[in-house]
Structures are given as structure tokens and as C-alpha cells.
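Participant: Sharing a model that was predicted from the sequence below.
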Amino acid sequence: MDKQQLLTQMDGAVKIFSDDITTIRTGRVSPALIENLEVLVYSGAQKLRLLELGSISVEGGRNLVFQPWDKTIIGEIKNGIMQSGQGFNPIVDNDKIRIAMPAPTTEQRENFVKLLYKKLEAAKNIIRDIRGKLRYELQDKLRSKDLSEDQFKIEEESLQKTTDDYIAKVEEMGKRKETEIRET
């Protein structure tokens, strides 16, 4: 078993989970809520993420301000934000787009927590799948006598410990995110 390959794959799974949960809304306003929204610009010729089109900042604790680098497409960006399905109501203010972010209701927070746990379970399944593939490789080596029984047990225990560590890591990230969601 290649330990570095295992760590790289599991780090990748954790990174995907980390990136994925930044899109879940919490009580706090963050540029991450909109930075990956894709909008059609330049008369529908290109689909770009907001972070590729301008800068995003937080203003007054409850507002996101998007300032496009190319002012000629501000209307297309506004329409793209409105059509994103996220329920945002952007307002053009001179050369900026303002998005008011009201505090989520208790019901919305509960839905966000449910979404978080679906994403958490998916991340844990990815980590377990990585373990399963590498365990299968170990079993093949055992069958072909490239690995002794003792070495197989040692490698299998190491693989399980690494898996448990990474699952604990994503669970901890999930707990922190849940705390952020439930804060008022």
C-alpha cells in the first residue's frame, strides 16, 4: 500500500467536503456564499463564476457587495444572480451589486443542518470507498503471495486507523459548521 497515495486521496476528499460546506449558509454573511455562482455573461457566450468576474466583500454585517471588474456586464451578472435559484435579490448601485442577506429562519437553519449532514455522509462514504479500494489491493497482494498474513494485518490496521482519523476530521468540520449554522 502506498501511504502517500492514501493520504493524498483522503486529503482530496476532505478538501472537497470543506469547499462544499462553505456554500451552506450560516448566520454569518460570507463571500463564499456567492463566489462560486456561475452566471452567463457577454451575451450568453461565457459561463463564469463570480469570483472570476470581480471582487466580493461584506458590508455592514448583513450585505454582500459584488464589484465587477468589467462594468459593461453588470446587468448580466445581476440577472445571473437572480436566476441562480438561491433566492438572492441583487440591487445595482452605480458600479456595484448589493445583496441583502436576511438572517435565516429557524426552519431554514434546520434545512441547512440536514443538507450539511447529507454532505458529511457523502464525504465519509468517499473516504470509506478509498479505504475499500486500497484494502482490495492489499487482499490481491495477499492472494498472490506478495504480502504475508502478518504484513497484511499490519497494513490493514494502518489503513483503518488512517480512515478513522479522516472520518473524525470531517465529522469535526461538520460539528463546527453546524455550530455556525445554529448561531443566531
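Facilitator: Yep, that arrived.
Participant: excluding its backbone neighbours, what's nearest Asn79?
Facilitator: Val39 (7.6 Å; CB to CB, 6 or more residues apart in numbering). Where you see a C-beta, it was placed from the backbone N, CA and C, and this is true even at glycine.
Participant: Nearest residue to the middle of the chain?
Facilitator: Asp20 (1.1 Å; CA atoms, centre = their mean).
Participant: Lys119 is in contact with that residue, correct?
Facilitator: Yes: Asp20 is within contact range of Lys119, at 5.4 Å (criterion: CB atoms under 8 Å).
Participant: Reduced to three states, what does the residue of the chain most remote from its centre come out as?
Facilitator: Within the chain, the residue lying farthest from the chain centre (CA atoms, centre = their mean) is Lys145, at 41.4 Å. Under DSSP: H, G, I helix; E, B strand; the rest coil, the three-state class of Lys145 is coil.
Participant: ok, now Asn79?
Facilitator: Quick answer, by three-state DSSP: Asn79 is helix.
Participant: when you give positions from now on, start the count at 57
Facilitator: New numbering, starting at 57: the last item is Asn135.
Participant: Kindly state the beta-bridge partners for Lys103.
Facilitator: Counting by DSSP bridges, Lys103 forms beta bridges with Leu96.
Participant: buried set for stretch 125-145?
Facilitator: 129-130, 132-134, 136-137, 144 (16 or more other CB atoms under 10 Å).
Participant: least confident pick among these?
Facilitator: Ranked by pLDDT, the buried residues of stretch 125-145 bottom out at Phe144 (84).
Participant: mind listing what it touches?
Facilitator: Counting by CB atoms under 8 Å, 6 or more residues apart in numbering, Phe144 touches 90, 137-138, 155.
Participant: Show me the two of those residues that sit farthest apart.
Facilitator: Ile90 and Met138 (11.9 Å; CB to CB).
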